[in-house]
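Participant: Model the following, please.
(2 chains)
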2 protein chains.
Amino acid sequence: MNTYYTQENHGPYKLINIGRLELEEGGVLEECTLAVATHGQLNAARDNAILVPTWYSGTSKIMEQIYIGPEHALNPDRYFIIVVNQIGSGLSLSPSNAPAEIAGPKFPRVRIGDDVQAQHRLITQHFGIERLALVLGGSMGAQQTYEWAVRYPDMVERAAPIAGTARNTEHDFMFAETLIDAIVTDPAFRDGNYTDSAEVAAGLRRHAKLWTVMGWSTDFFRVGRHKVLGFDNMESFVDQFMTGYFAPMDPNNLLCMIWKWQRGDVSRHTGGNLAQALGRIKAKTFVMPISHDMFFPPNDCLAEQTRIANSEFRPLNSIDGHLALFGTDANCIAELDTNLRQLLDAQAGA
Amino acid sequence: MNTYYTQENHGPYKLINIGRLELEEGGVLEECTLAVATHGQLNAARDNAILVPTWYSGTSKIMEQIYIGPEHALNPDRYFIIVVNQIGSGLSLSPSNAPAEIAGPKFPRVRIGDDVQAQHRLITQHFGIERLALVLGGSMGAQQTYEWAVRYPDMVERAAPIAGTARNTEHDFMFAETLIDAIVTDPAFRDGNYTDSAEVAAGLRRHAKLWTVMGWSTDFFRVGRHKVLGFDNMESFVDQFMTGYFAPMDPNNLLCMIWKWQRGDVSRHTGGNLAQALGRIKAKTFVMPISHDMFFPPNDCLAEQTRIANSEFRPLNSIDGHLALFGTDANCIAELDTNLRQLLDAQAGA
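Facilitator: You can find the predicted model right below:
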């Protein structure tokens, strides 16, 4: 049993069973439980709800710690903020906590669209919310944000995809593939039939090295940001911070999320026509890549933003690259807050 | 026996034995043979020699095919161009062709400085050349170029490090580490005791995927440059081009070169003081990173260029990134030629 995915480490969150979920790839989750953290109160008009889906390896906890609070745009005094941990995250239904028949490597393939479908049921049926003032998320959270805005254009008033794309690129797919390789080539992985994440430590460490190379940026290391973050050298940064971060996570959970991440693609709704899919978006949308992101880079995000009618390109500046999402660069978070406040004050698109 | 490293594939080149080479790490190469390709003639004044060391996985062949000719700055009608394959390249003394006592995984650790020492002996003793009009190379060839300019400042009149650094960065070291991981984790690698490269195909394929992610650029894939190069999709690009390129190479050779690449560092001559090492350079130097290089990026090169007295920063523009070195972007090669002509016409620094 993995002891990482607990209320102590990631709570408080509530487990909400949204019932049977038929998956796009053909599988079924009979009892789809979502781990949901909320902040603030739904107002009487039911129009102050903000939905925040989570990213790869992240949970509702980091959203709470870095992005939500009275000092942030995501202010619980004004908004009802719903953070939904993605399927496979280890908190919501995942390989690591699923019933035996779909546990571990038997967990079915899940797509971004399945998450959004599950979240839609949560939002409408559990919370009785018809419209979302804002959907936002980083990385895989951005993929889910785009999926929401394309799939339910009339429900999403505003959208803020951060450091992510609507259709994953071939380059990003390949980067994610190297992450898979790093894990599954560990003999201890045994096709997903390990008994404890610790057995797959070598694979998880290789996976952490790849994140070290691609997650930050060359400028980050050149100016010694890893040392500013408290590590004497690259070795300790990789061993303690990067490997330490991923080591307790469940490999099958990570693989479930990577597979999903690789295939994020709103053009599945329009026969592969991305422009047409993005054309469906009604939300006022701020597209916010991070300047030094090595796998969801600004240019890939810009190419999509120009196809969204009511949108603005608002890149965030940080040499911390993609993992500025961790909140390591306070200026970047401040920029994000400024953008989000402007977005929340802007007229709803839908 | 590996049949890739042959005159048919990489020649013509000559094998020149420069004798016993004591290595910086303590090992010895009793009979250090260098594979050397020359173009043009040494003039009577012996002042028209250009030295070109090779990069990781590349040989003298690609220099001949892409960079050398009457239409290029490296014009054999004017210059005596000496292309020296690096130790470990598979043509010069390497794990794949070494005598039994140092063959394969028993090959000693070699540093960039050892290559330059071997080349120095070749240039001075074999060719009887006292001064080099130009030393240039890409990637690990740039590392050797810097080593030449720092170690023998009075011999190098001009230097053109392309897409490479004088001291390898921590980020680049880690990228190279993931390449090592990809190969050595293949069970068939057997600590270097395989009998044929083909046995290590899975590891070499993973290594090729990493090169796909880091070798080109996100813009390269976004605009479909891989399709322009003749591949229908990412899968065939990876399977045929990238995997096909690396598959016949000897894993121990690659690992010999990677280890060397990771530790390229001219500041070894000055107790770790990089500015002091770069301060020794007398060569008129054009520092030429490639705009979209993901692991020898322009900013890392710029940080070094500003410490070289008689130098200019001349970045080359190509969304092909590091592997524009392959010659896939004709405009980039044309830019390089323009820069090299200007450099060759400029007054010698040393």
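
Participant: what's the spacing between the helix or strand where residue A:275 lies and its chain's center?
Facilitator: Element membership of residue A:275, judged by DSSP states H and E, is helix A:274-279. In terms of C-alpha atoms, centre = their mean, to the nearest Å, the centre of helix A:274-279 is found 22 Å from the chain centre.

Participant: Send me that helix as PDB with only the CA atoms.
Facilitator: What follows is helix A:274-279, C-alpha atoms only, in PDB (Å, rounded to 0.1, in the frame of the first residue of the first chain):
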ATOM      1  CA  LEU A 274      -7.900  21.800 -34.600                       C
ATOM      2  CA  ALA A 275      -9.000  25.200 -35.900                       C
ATOM      3  CA  GLN A 276     -12.600  24.000 -35.900                       C
ATOM      4  CA  ALA A 277     -12.300  22.600 -32.400                       C
ATOM      5  CA  LEU A 278     -10.700  25.800 -31.000                       C
ATOM      6  CA  GLY A 279     -13.400  27.800 -32.900                       C
END
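
Participant: wait, does it make contact with chain B?
Facilitator: No. Figure legend: helix A:274-279 not in contact with chain B (C-beta under 8 Å from any C-beta of the partner chain); closest approach 12.1 Å. Yep, even glycine has a C-beta here, placed from its N, CA and C like the rest.

Participant: State the mean pLDDT of the helix or strand that that helix is followed by.
Facilitator: Counting by DSSP H and E, the next helix or strand C-terminal to helix A:274-279 is strand A:284-287. Mean pLDDT, computed over strand A:284-287, is 98.

Participant: Could you name the helices and strands sitting against strand A:284-287?
Facilitator: In terms of contacts (3 or more C-beta pairs under 8 Å, 6 or more residues apart in numbering or on different chains; DSSP states H and E), strand A:284-287 is packed against strand A:158-162, helix A:298-305, strand A:311-313, helix A:330-345.

Participant: Quick check: closest non-adjacent residue to whichever residue of the stretch 1-150 of chain A sits closest to chain B.
Facilitator: For the stretch 1-150 of chain A and chain B, the shortest gap (C-beta to the nearest C-beta) falls at residue A:139, measuring 15.0 Å. Using C-beta to C-beta, 6 or more residues apart in numbering or on different chains and skipping residues adjacent in sequence, the residue nearest residue A:139 is residue A:55, 3.9 Å away.

Participant: same check, this time on residue A:96
Facilitator: residue A:250 is the one closest to residue A:96 (C-beta to C-beta, 6+ apart), at 4.0 Å.

Participant: ok, now which ones touch that neighbour?
Facilitator: Contacts for residue A:250 (C-beta atoms under 8 Å, 6 or more residues apart in numbering or on different chains) come out as A:2, A:4-5, A:90, A:94-96, A:197.

Participant: right, and out of the residues you listed, which lies closest to residue B:63?
Facilitator: Residue B:63 lies nearest to residue A:197 out of the contacts of residue A:250, by C-beta to C-beta, at 47.6 Å.

Participant: so what's residue A:33 up against?
Facilitator: Residue A:33 neighbours (C-beta under 8 Å, 6+ apart): A:15-18, A:92-93.

Participant: Who are the packing partners of the helix or strand where residue A:174 lies?
Facilitator: Using DSSP H and E, residue A:174 sits in helix A:170-184. Helix A:170-184 is packed against helix A:201-215, helix A:251-262, helix B:170-184, helix B:201-215, helix B:218-222, helix B:234-236, with contacts defined by 3+ C-beta pairs under 8 Å, 6+ apart.

Participant: Swap in 10 Å and give it another go.
Facilitator: On a contact count with 3 or more C-beta pairs under 10 Å, 6 or more residues apart in numbering or on different chains; DSSP states H and E, helix A:170-184 meets helix A:201-215, helix A:251-262, helix B:170-184, helix B:201-215, helix B:218-222, helix B:225-228, helix B:234-236.

Participant: Return the alpha-carbon coordinates of stretch A:35-44 using CSV.
Facilitator: Written as CSV, here are the backbone C-alpha positions of stretch A:35-44 (Å, rounded to 0.1, in the frame of the first residue of the first chain):
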residue,chain,number,x,y,z
ALA,A,35,-10.8,13.6,-4.7
VAL,A,36,-12.1,17.2,-4.5
ALA,A,37,-10.8,20.1,-2.4
THR,A,38,-13.0,23.2,-2.2
HIS,A,39,-12.2,26.7,-1.0
GLY,A,40,-14.7,29.4,-0.3
GLN,A,41,-18.5,29.3,-0.7
LEU,A,42,-20.8,29.0,-3.6
ASN,A,43,-22.8,32.2,-3.7
ALA,A,44,-26.6,32.4,-4.0
